[in-house]
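[1] using only what follows, build the 3D model:
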Amino acid sequence: SRNYQLIVARSTNKADQVAAQLGMMDTYFAIPKADSAGVIAREVLAAGNVVSGAQNRGQLMLGKVAFSKGDYKTAQSEFEKTIALAKDVNGAEAQYYLGDILYRQKKYKESVSTLLKFNADFSEFEYWKGKAFILVADNNIAQDELAQAKAVLNSIIENSSEEAIIAEAKQKLASLENKN
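    Residues are numbered from 1 along each chain as shown. Predicted coordinates for the structure are as follows:
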């Protein structure tokens, strides 16, 4: 994070500053220092659209910071703003988080309908689409719709191009088979 701080301090180029801030923001969030990540996300948003996609990433980060604190009301609002900005990878991640919030609130039907929007709005983002459908399966499991959950997981395994997603789906499917 120190390297990013040097770039921000020394840079006269706004785009370089924002690029460094994005790196710093992600680093702080991973540490985790969610408050610091949130402060930088607000600075990125204040800088305007000097780096392509920076606004969307900053907006998404505000949602993730609120989510990490269990403040789902704020998180939901920030994620909705992210999706409104662009149907990009940040919007895809935000859409996933909206489904996750509803799942955590045990609003399973609403979660599923939120996650199914992936097909229309974010189908090209294979990783987040895969995460979304794994969460659809979790919603099915929570409602004792085990056959449906298995069908969803098998579909992911057959159709996803993301190794990490396929592995996660196989693992979840195996644990379901062990229960029965």
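[2] going forward, measure contacts between C-alpha atoms and count neighbours the same way
    Fine.
[3] and what about residue 106, helix, strand or coil?
    Three states are possible here, and by DSSP: H, G, I helix; E, B strand; the rest coil the one that applies to residue 106 is coil.
[4] show me the contacts for it.
    The neighbours of residue 106, taking C-alpha atoms under 8 Å, 6 or more residues apart in numbering as the test, come to nothing; the list is empty.
[5] residue ranges with poor pLDDT in the chain?
    Segments of the chain classed as low confidence (criterion: pLDDT under 70) are 1-12, 180.
[6] okay, buried residues for the helix or strand containing residue 132 please.
    Using DSSP states H and E, the element containing residue 132 is helix 126-142. Residues of helix 126-142 classed as buried by neighbour count (16 or more other C-alpha atoms under 10 Å): 126-141.
[7] same question for stretch 13-22.
    15-22.
[8] which elements pack onto the helix holding residue 132?
    Contact partners of helix 126-142 among helices and strands, from 3 or more C-alpha pairs under 8 Å, 6 or more residues apart in numbering; DSSP states H and E: helix 89-104, helix 108-116, helix 118-121, helix 146-159, helix 163-179.
[9] go through those helices and pick out the most buried.
    Most buried of these by mean neighbour count (mean count of other C-alpha atoms under 10 Å) is helix 89-104; its value is a mean of 24.
[10] tilt between that one and helix 126-142?
    10 degrees (axes from the mean of the first three to the mean of the last three C-alpha atoms, to 10 degrees).
[11] tell me the secondary structure of residue 32, please.
    Under three-state DSSP, residue 32 falls in the coil class.
[12] returning to that earlier point: go through the buried residues of stretch 13-22 and name the one nearest residue 107.
    Within the set of the buried residues of stretch 13-22, residue 22 lies nearest residue 107; the separation is 33.1 Å, counting by C-alpha to C-alpha.
[13] hey, C-alpha coordinates of the helix or strand harbouring the closest one in CSV?
    Secondary structure from DSSP H and E places residue 22 in helix 14-30. Below are the C-alpha coordinates for helix 14-30, written out as CSV (Å, rounded to 0.1, in the frame of the first residue of the first chain):
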residue,chain,number,x,y,z
LYS,A,14,-5.2,12.9,-12.3
ALA,A,15,-5.6,9.5,-14.1
ASP,A,16,-2.4,8.1,-12.5
GLN,A,17,-3.6,9.3,-9.1
VAL,A,18,-7.0,7.6,-9.5
ALA,A,19,-5.4,4.4,-10.8
ALA,A,20,-3.1,4.3,-7.7
GLN,A,21,-6.1,5.0,-5.5
LEU,A,22,-8.0,2.1,-7.0
GLY,A,23,-5.1,-0.2,-6.2
MET,A,24,-4.9,1.2,-2.7
MET,A,25,-8.7,0.8,-2.2
ASP,A,26,-8.6,-2.9,-3.2
THR,A,27,-5.5,-3.5,-1.0
TYR,A,28,-7.2,-1.9,2.1
PHE,A,29,-10.4,-3.9,1.5
ALA,A,30,-8.3,-7.1,1.3
